[in-house]
Structures are given as structure tokens and as C-alpha cells.
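>>> Next input, structure requested:
(one chain, ligands or ions: 1)
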Amino acid sequence: MSHYDLIIIGTGAGGGTLAHRLAPTGKKILVLERGDFLPREKANWSALEVYQKERYHTDEHWIGNDGKAFRPQTGYWVGGNTKVYGAALLRLRERDFGKVIHKEGISPAWELSYRDFEPYYTEAEKLYDVHGLRGTDPTEPPASGEYPYPPVSHEPDMQAIADNIRKLGYYPFHLPLGLKLNESDRTKSPCIRCDTFDGYPCLVGAKADADMNAIRPAREKYDNLTLLTHAKVLRLLTSESGREIIGVETDVNGEIHVFKSDIVVVACGAINSAVLLLRSANDKHPKGLANSSDQVGRNFMKHLATALVALHLEVNHASFQKTIALNDFYWGEPDFPYPMGMVQNTGNVLADMLPAEAPPLMAPFVKLIPKFERHLIAERTTGWWLQTEDLPDPNNRVQVINGKIHLNYTPNNTEAGDRLIHRWTSVLKALDRKAMHVIPFSIYPRNHVPVQAVAHQCGTCRFGSDPKSSVLDLNCRTHDIDNLYIVDGSFFPSNSGVNPTLTIMANALRVGDCLIERFRK
Ligand SMILES: Cc1cc2nc3c(=O)[nH]c(=O)nc-3n(C[C@H](O)[C@H](O)[C@H](O)COP(=O)(O)OP(=O)(O)OC[C@H]3O[C@@H](n4cnc5c(N)ncnc54)[C@H](O)[C@@H]3O)c2cc1C
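Residues are numbered from 1 along each chain as shown. Reported below is the predicted structural model:
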């Protein structure tokens, strides 16, 4: 079995971006991905297949707080969860890197500042084709350049909503999105502005995901990078001293192989990276690899998130509705001086999404509504996504018990989340009291965030300089094992109120530079 300079496990936002960064070094790199390339098929754009039948989610079952098994809303593909993500790519706010006082606790400071991340955010925005407009989001951090592409325009019905929100005294801005859209010459635009963007794979390859923007171009250009799909890493093996990884035990299409490499980077997503470390426990690491701090798997975060549907009397004609965002409540308001979070559009709410998206108690009734009537409802909607920071809690954790993945998660900071829901509902009502009703329509109902929605998972192996309270050092190398790194959402010490992925990508580029430096020594 040949020896590699570097093995990367996972091809999502973290692993895919890192592979793209390191491929030009000429180092011999093996990328192990448990999934396959996501098939291009008409079902990519079927709400029935994607939302009701969960065609692209894993069949695995994990165990929740209540001891019951659930099917997590996550998928294993080349590109990881970016294959279906909504591609809202935002930077953390500058203050998010510091200690932030919340209504129900503290969001701890990162030991690196926004300034350390800024150049990498700029590069990540370029790599992932981000469309946006600086100077319009009142909370945005300083940036060293413009967005690589102009903002995704609002279609007339969305523009009218944005204008009306502005008339109420708020500051809606164009949601920064990663996609391949050319609005000045639509004949040259891979993106067709369809109504199946958020949560769907892109049939025409126009979503800027880690497969299309990182793994494929790196593979095409660099022979030194090898990708093995259907390669699920089972365990990491250490030397006798326990100080370095000497083998990566992998199930490749049903056969067990042990790959060897100087450096190993785990990028399986925050939950599965913790699982891999815990499953790799041995004599030298009895609580799991790199877990002398007992922090592996702890402080799991995933945002308090609520989907809210505004139901209008008029049809919303916009074919691509996910264009508006709002941060007016991000840091709170005069009578609630604590962070509340962010508001942004969801993608279009389609008829076949309604049964899957309805609150659990309503779902069986929604299913009984004939499809044509569901369609009449769906075309009169605008979807909103509200997200509030959840705080790190050591008891919110990933564990492996008797070989099974356990995910304990109790939402916290819920008062801020509730406040955002009420506040945004009141704004929507004020938009046009006569023509619009607002129906709270939660995928993740208030105070009842379902554990299976793990889209924004992060924080299970946080970084820091103290080996007693963190798993990774500031270069995302494990404190305990010299040649083991983690480069995915695991490293977040706190979650912020913005979507996580641009930060995961920027961090992967940053760690890529640390590794290039290490190769030079
Ligand atoms: C429906 C949906 C919408 C979203 N929308 C947004 C959005 O608009 N904006 C945003 O910022 N974020 C969004 N996200 C979140 C975003 O997708 C994640 O933050 C991001 O993909 C996480 O990157 P990661 O590298 O940590 O993990 P992932 O992207 O999940 O990658 C992990 C990779 O590891 C592989 N893997 C796992 N275990 C193993 C193993 N044992 N062996 C080998 N390979 C393994 C997986 O197959 C996968 O390829 C969304 C997510 C979902 C599901």
C-alpha cells in the first residue's frame, strides 16, 4: 500500500476546500470520501423526492436525548452537505470573534480575531463565487475588497417586499449567495434562477459547492491528488506512543484497507469527526483519540432555527425568492439589548414541500389537502428563515455508545430566538396589514428544535490554546496527536448568528497555509 504525504477524510466545505488549497503543492494527497458523486437526475429538483422522501439523506439512525432513534437530515456525498446547502455565504461579524453577552449566557471569545480570518474570507468568497453588495448590511465587518460578483437581483415581487421593509425603517440587504449566475448575459449563465435551490442539489451544476468548485477542479488539474469514493474511514490507528497516526482504517466498497500518511486531516463534519475520534479509542487514548481534555463531542451547536411562511392573498411570482436578508435585530434592540439573530429568505416553498415542512402536529392534515390546493397555497407564500445563536454547553454532545451515535441536544438561549420570531412576525404583519396574513410554519417550531435538523452542526472539537479546555490548537492540529488535524465545522468555539459555511471554508484555507508551512520545514 503506497504512502501519502497527506490524507484528507471528507470532501465537504472543510475537506473539499482544503484539498483545493493543497493540490498545487505537488504533495501526494489521498482524499477519502464515504459517499459517491451525487447523481445528476431529474429527482434533484423534485420537492417530493428531496423533501418528502429525503432521497439524498443518509438512512442511518442516531439516538437522541429521549433514547429514541431518528434519521438525521444529513447526506454523504462528494461535496458533503454543500451539495444541498442554500449557499448563503456570510462572514461572522467582527464582534462575534470576541466574548458576547447573551440573554441566557456567554458566547466565548475565539482566540483569533476577525483580522486573522479576513484575507481567507476574501479568498473563500472568490473560490465559491459569492454574489453580494458591500455597504448594505449594517452589521457587516470591514472587508478588503468587493464581492467577486454583483448581488443576486430581487425579482419584482421580492423587490416590493424589500422596499416595504425599508419603508418601515429597516435595512434589508441582498443575501450573499455562492452560485454561478450571470445576470448581465443570461445566455452565459449556468444558473437559471429556478425555484429548487435551497435544500436541493443543482441539476445544472450552478451551485457553488465543494464538489463543483473545489474537488472537481483540483482533480482535473492535479495528478498528485487521488479521490477514493465509497471509502468510509472506520478508525484512526496510532503508534505505540500514541503521539502520531500511523494508519487510516477504511472500508472501501466493503473491503478493509489501511492507508498510511505523514499527516491526516479529518473533515467528516462536526458530528462524524467527533464520532471518528471516539470510535478510534485505544490504550493510549481510552476516551477517544485526542481527547485528554474530555472535550471531543462536547459543545455541539446547530443554531435555533425557525422557518416561517408568509401567506399572501396575491401570488408571489418570483421564481428565485432567496434574495433578502436582514440583520437589524442581530445585536438586539433597545428593550432587549442581547443578540437575537438573523433573518433571511428561504428558497421557494413548493406544494410538495408543505407536508414535510409543516409542524409535526399539522403535517398529517396538510397531507390530506389535495395537491392542486396545496399548489394554490404554495404560490402565495414567501419563506423566511430565522436563526439565533445557541451557546456552547458541554452537555450538548455527540457520543458513541455500544457502537451507536448518540446526539444529546437541549436548545438554549431560546428567549432570544422566541423574541426574533415575534419581532419578525410583527414586521411581516406591518408590511401590509390588509393583504397579508402570516402563519408561523415552523420546520423547527419554537422551543422544539428537532434534533434531526443538523444542517448547521459545529463545535464538537473546539480550537484554543489550552489543551485542557480545547481539542485543537489554533492551527486546528489536535493538542494530543502531532500529525492529526480537523478542518470542518468542529473547531467553532462559539456559533455566532450567521450561517457557518463561509467560515468553515475560510478556516480550511487558513489551515491549508499552516500545512504548507509545515511541509516546508
Ligand atoms: C439543507 C441545508 C441547507 C444549508 N444551507 C446553508 C446555507 O445557506 N449557508 C451555510 O453557511 N450553510 C448551510 N448549510 C450547512 C452547510 O452545508 C454545512 O455548514 C457545511 O457543509 C459543513 O461543512 P463540513 O466540512 O463541516 O461538513 P460536510 O460538508 O458535511 O462534509 C463532511 C464530509 O465528510 C464525509 N464523511 C463523513 N464521515 C466520513 C467517514 N467516516 N469517512 C469518509 N468520509 C466521511 C461526508 O460524506 C462529507 O462529504 C446547509 C445545510 C443543509 C443540509
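
>>> Which per-residue confidence value corresponds to the single nearest residue of the stretch 101-250 of the chain relative to the ligand?
Nearest residue of the stretch 101-250 of the chain to the ligand: Val233, at 3.8 Å (Cβ to the nearest ligand atom). Where you see a C-beta, it was placed from the backbone N, CA and C, and this is true even at glycine. Note for Val233: predicted pLDDT of 98.

>>> again with Ala363
65.

>>> residue ranges of the helices in the stretch 351-500 of the chain, please?
Secondary structure of the stretch 351-500 of the chain (DSSP state H, counting those that start in this stretch): helices at 354-357, 363-368, 371-378, 414-431.

>>> so the closest residue to Ala43 other than its chain neighbours, which of the three states?
Leaving out its chain neighbours, the residue that sits closest to Ala43 by Cβ to Cβ, 6 or more residues apart in numbering is Glu49, at 4.1 Å. Recorded secondary structure, Glu49: helix (DSSP: H, G, I helix; E, B strand; the rest coil).

>>> Distance of Glu49 relative to Leu228?
Distance, Glu49 to Leu228, by Cβ to Cβ, to the nearest Å: 28 Å.

>>> Now do the contacts for Thr382.
Applying Cβ atoms under 8 Å, 6 or more residues apart in numbering to Thr382 gives the contacts 158, 161, 309-310, 312, 316, 321, 345, 349.

>>> correct me, but Asp157 touches Phe320?
No - checked against Cβ atoms under 8 Å, the pair Asp157 and Phe320 is beyond contact range at 11.0 Å.

>>> Looking at those two now, which is surrounded by more residues?
Higher neighbour count among Asp157 and Phe320: Phe320, with 24 against 16, using other Cβ atoms under 10 Å.

>>> How about the residue in the chain that the ligand sits nearest to, nearest residue that isn't a chain neighbour?
Proximity of the chain to the ligand (Cβ to the nearest ligand atom) peaks at Gly12, 2.0 Å away. Counting by Cβ to Cβ, 6+ apart, Gly12 lies nearest to Gly80, which is 2.2 Å off, once chain neighbours are set aside.

>>> Check whether the one you found really touches Gly269, as I assumed.
Yes - contact criterion Cβ under 8 Å: Gly80 and Gly269 qualify, at 6.4 Å.

>>> near the ligand, which residues of the stretch 251-400 of the chain show up?
267-270, 272, 276 (Cβ under 6 Å from any ligand atom).

>>> Next step: those residues restricted to helices.
270, 272, 276 (DSSP state H).

>>> sec struct for Leu509, please.
Look at Leu509: counting by three-state DSSP, its state is helix.

>>> tell me the contacts of it?
Leu509 neighbours (Cβ under 8 Å, 6+ apart): 17-18, 21, 120, 123-124, 127.

>>> Just the buried residues from those residues, in ChimeraX please.
Buried residues within those, by 16 or more other Cβ atoms under 10 Å, are selected in ChimeraX with:
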select :17,18,21,120,123,124,127
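
>>> Now the two most distant members of the contacts of Leu509.
Leu18 and Glu123 (12.7 Å; Cβ to Cβ).

>>> so where's this protein shaky on pLDDT?
1, 357-368, 432-449 (pLDDT under 70).

>>> how about the nearest residue to Gly512, chain neighbours excluded?
In space, Gly512 is closest to Arg21, 3.3 Å off (Cβ to Cβ, 6+ apart).

>>> helix or strand for that neighbour, which one?
helix 13-22 (DSSP states H and E).

>>> Which residues of the chain lie near the ligand?
9-15, 32-35, 76, 80-82, 84-88, 199, 232-233, 267-270, 272, 276, 455-456, 488-489, 499-501, 504.

>>> let's see 5 Å
Contact residues (Cβ under 5 Å from any ligand atom) of the chain with the ligand: 9-14, 34-35, 76, 80-82, 84-86, 88, 199, 232-233, 268-269, 272, 455, 488-489, 499-501, 504.

>>> thinking again about what came up before, so for Gly80 and Gly269, which residue has more residues nearby?
Counted by other Cβ under 10 Å, Gly80 and Gly269 do not tie: Gly80 has more neighbours, with 31 against 26.

>>> Helices of the stretch 101-250 of the chain, residue ranges please.
114-127, 156-167, 210, 216-221.

>>> The shortest one packs against which elements?
Spelled out, it's helix 210. For helix 210, the elements it packs on are helix 13-22, judged by 3 or more Cβ pairs under 8 Å, 6 or more residues apart in numbering; DSSP states H and E.

>>> ok, 10 Å please
With contacts defined as 3 or more Cβ pairs under 10 Å, 6 or more residues apart in numbering; DSSP states H and E, the packing partners of helix 210 are helix 13-22, helix 501-520.

>>> quick one: Glu379 and Ser153, what's the gap?
Plainly put, Glu379 is 21 Å away from Ser153 if you go by Cβ to Cβ.

>>> for Leu89, same thing?
When Leu89 is compared with Ser153 (using Cβ to Cβ), they lie 17 Å apart.

>>> Burial check on the closest residue to Leu350 other than its chain neighbours, number of neighbours?
Sequence neighbours aside, Ala47 is the residue nearest to Leu350 in space, at 4.4 Å (criterion: Cβ to Cβ, 6+ apart). Ala47: 23 surrounding residues under other Cβ under 10 Å.

>>> Repeat that for Lys468.
Neighbours of Lys468 (other Cβ under 10 Å): 10.

>>> how about it, what does it touch?
292-295, 479 (Cβ atoms under 10 Å, 6 or more residues apart in numbering).

>>> between these, which is nearest His57?
Gln295 (28.4 Å).

>>> Specify the local secondary structure of that closest one.
Strictly by three-state DSSP, Gln295 counts as coil.

>>> re the thing from before, what's the closest of the helices of the stretch 351-500 of the chain to Trp110?
So among the helices of the stretch 351-500 of the chain, helix 414-431 is nearest, using Cβ to Cβ, at 20.1 Å.

>>> what about the strands in the stretch 101-250 of the chain?
Secondary structure of the stretch 101-250 of the chain, counting by DSSP state E, counting those that start in this stretch: strands at 105-107, 130-131, 173-174, 177-178, 225-228, 231-238, 245-252.
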